[in-house]
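Student: just a sequence and a predicted model for now, questions to come.
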There are 2 protein chains.
Amino acid sequence: MATIRELARLCGVSPATVSRVFNNPGVVNAKTREQVLRMARQIGYLPNQSARTLATKKSFMVGLVWDTDHRRPGWRHPFFQEILIGLKTALSGRGYHLLMLATSGEKSHDAYVRAVRRHNLDGVVMIDSGTWDPSLRRLAESGVPCVGLDRPVRGPRATYVTSDNVGGARLAVRHLHERGRRAIATITGPAHTRPGAERLRGYREELSRLGLPQRPEFVVEGDFYLSGGHAAMRRLLAADDRPDAVFVAGDEMAVGALHAIAEAGLKVPEDIALVGFDDIEVAALMSPGLTTIAQDKAGFGTAAAEAVVAMINGADAPPPRILPTRLVVRGSSSPSL
Amino acid sequence: MATIRELARLCGVSPATVSRVFNNPGVVNAKTREQVLRMARQIGYLPNQSARTLATKKSFMVGLVWDTDHRRPGWRHPFFQEILIGLKTALSGRGYHLLMLATSGEKSHDAYVRAVRRHNLDGVVMIDSGTWDPSLRRLAESGVPCVGLDRPVRGPRATYVTSDNVGGARLAVRHLHERGRRAIATITGPAHTRPGAERLRGYREELSRLGLPQRPEFVVEGDFYLSGGHAAMRRLLAADDRPDAVFVAGDEMAVGALHAIAEAGLKVPEDIALVGFDDIEVAALMSPGLTTIAQDKAGFGTAAAEAVVAMINGADAPPPRILPTRLVVRGSSSPSL
DNA sequence: CTGTTAGCGCTTTCAG
DNA sequence: CTGAAAGCGCTAACAG
């Protein structure tokens, strides 16, 4: 393991100069610079990041808070994988690594805050695991640049990224309306979750705009999971007045709904048209394929990386980033597909 | 940011003693130990990991090599998410963090090896992305403890974890045989991949054991993806002599196969029974549900963590770990489900 | 443009 | 059981 001192000696310069070659190349004589670089390559010199971090307080690492406690649902959402990869890619393009924070049992007292401090993390990205851990608020307040994914985090150095849930829901309802449906119900996410609430709002807004009535019996709450969607659809089917279309606020629930409809001996989309939300992989694999509102998953990662790096570089917290959603039409709303 | 010096001063002891309290508590007087710990908590002292790493060469970080280049398929496999979480959890239980390595553009020259050295990573886990990057071999040879997931890595400080692909395939074939099927075909993974080759071998072995003939026209190669499974099944259906069961070496391909069968106007499992491999989430969401060979996804992570930590602690490379698979029966092989 | 000099915060002999 | 002292490898003023 060659050190900077060794490399300096070999080149007949001081360690400081070598350091400059790597951190502020412009300021050092071109000839020496080349020589140092050449020699560095030759002896396989690599600056030691721990030493650098110790001296500069910059680690070039961003922490990822992702509570994957198996007792909570949510951690399996296929969604996260793409976000994660997008994030990793975008961060690495900017010279940062991603450190997956683990609370190693000591869930107790602000494990995340501590990890951030111990490791000199430059920033943090938090994936919403659907729970509200008070220590996360403290993390955001601790001053590290923080970006929430689908989780509203605010502060002088904190912001968040989310999808246009309202707009997406409106897109879904409008699409069903254009397909001639008029009795449009919805299966919502849990009312206390942000996406759940926002998608319901979008549904209502678009209904109003279209001049369709708001029918309370057409709004059933689900849980974002398969079984919840299944149960909710059964309730909708049991009512006297059956909807001819349902906007389901999450694809997994939509799959559950699809099954419930089939069990009732009805057909999709002939009897009931369905539009989901998320565009998870399964959506394309079902038959009929699931029409859905696609979220820009990779965009989440990119936007988060941009925001956190900007704040690391001293910028104020950028405003929340609302990513556009888009309608993907498949068989569940279109007999021809 | 309290430092060790400050804490020492406050306690009226030397920094060395404080250091001992955290690294070798047994050796320090109980009273002082308690006092130091109390004061540490009070002023919020946390040992700085960079300084520690600089002094000890141990970072308590394990690197994750996961080539998610979008030009390659495979990175999306839902499989990985569970492995990743299992790995993270198991590592953190042992006091290690997971650093997601990114080759930040410089795919070029051994980016991984360099990252490992720069960051003093204690070990590395590599997820097979289906390609054979020569730099990974060099990584394994560079001496860091290495564990491959589904990728045979060998060396004095390298080992790997994989599923019992042969046994799983045999399980699948036996199950179909027990269900009364005799014309059992298979859709394989690419022959050059290890799981692809092994599952085919298992299929053949079990056929022999059962006294069923090996019929070349019943072996069609797929690509582990939806479209490959679809195409392969169409080829099987186009033949004069149709199989009454198919062992599909991957769930995604099985979904494609399911669609191809439906398009041909045939029914699963009545006309053709299907068994997949992996037990990805979709398997349970299809209708009929997909009978499949489940891999122990979380077990991958745990086994990898165990192996890498053992080697970090000086153990020799443990032998490859072959995880058992298990049959999950659903509707695609069982009319009653 | 370059070298000298102090650290960054912690660990680790080596004495005592 | 404890303290003093010497680094780990790098950066950052400050002179020159």
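Tutor: Arrived safely.
Student: what is the helix or strand of chain A with the lowest mean pLDDT packed up against?
Tutor: The weakest-scoring helix or strand in chain A, judged by mean pLDDT, DSSP states H and E, is helix A:134-141 (a mean of 81). If contacts are counted by 3 or more Cβ pairs under 8 Å, 6 or more residues apart in numbering or on different chains; DSSP states H and E, helix A:134-141 sits against helix A:111-118, strand A:123-127, strand A:146-149. C-beta: built from backbone N, CA, C; applies to glycine.
Student: so which bits of whatever helix or strand comes next after the shortest one are buried?
Tutor: Okay, so that is strand A:146-149. Using DSSP states H and E, the next helix or strand after strand A:146-149 towards the C-terminus is strand A:158-163. Across strand A:158-163, burial judged by 16 or more other Cβ atoms under 10 Å in any protein chain shown covers A:158, A:159, A:160, A:161, A:162, A:163.
Student: one more: stretch A:59-69?
Tutor: Buried, per 16+ other Cβ under 10 Å, within stretch A:59-69: A:59, A:60, A:61, A:62, A:63, A:64, A:65, A:66, A:67, A:68.
Student: how about stretch A:270-281?
Tutor: Buried residues in stretch A:270-281 (16+ other Cβ under 10 Å): A:272, A:273, A:274, A:275, A:276, A:277, A:278, A:279, A:280, A:281.
Student: got it, and stretch A:222-232?
Tutor: Neighbour-count burial for stretch A:222-232 [16+ other Cβ under 10 Å]: A:222, A:223, A:224, A:225, A:226, A:228, A:229, A:230, A:231, A:232.
Student: likewise stretch A:308-324?
Tutor: Buried, per 16+ other Cβ under 10 Å, within stretch A:308-324: A:308, A:309, A:310, A:311, A:312, A:317, A:318, A:320, A:321, A:323.
Student: the nearest residue to the first one once chain neighbours are set aside: how many residues sit nearby?
Tutor: Counting by Cβ to Cβ, 6 or more residues apart in numbering or on different chains, the nearest residue to residue A:308 once its immediate chain neighbours are dropped is residue A:123, at 4.1 Å. Neighbouring residues of residue A:123 were enumerated by other Cβ atoms under 10 Å in any protein chain shown; the total is 25.
Student: and the one 5 residues further on, by the same measure?
Tutor: Neighbours of residue A:128 under the rule other Cβ under 10 Å: 24.
Student: ok, it - contacts?
Tutor: With contact set as Cβ atoms under 8 Å, 6 or more residues apart in numbering or on different chains, residue A:128 has these partners: A:148, A:149, A:150, A:151.
Student: the first one reaches residue A:139, doesn't it?
Tutor: No - with contact defined as Cβ atoms under 8 Å, residue A:148 and residue A:139 do not form a contacting pair (10.1 Å).
Student: neighbour count winner among those two?
Tutor: residue A:139 (27 against 24).
Student: residues contacting that one?
Tutor: A:65, A:110, A:112, A:113, A:116, A:124, A:126, A:146.
Student: go with 10 Å
Tutor: By Cβ atoms under 10 Å, 6 or more residues apart in numbering or on different chains, the contact set of residue A:139 is A:63, A:65, A:101, A:110-116, A:124, A:126, A:133, A:146, A:153, A:155, A:158.
Student: if I look at it, how far off is chain B?
Tutor: Separation of residue A:139 from chain B (Cβ to the nearest Cβ, to the nearest Å): 14 Å.
Student: which residues does the residue nearest to residue A:308 bridge with?
Tutor: On DSSP bridges, the residues paired with residue A:123 through beta bridges are residue A:62.
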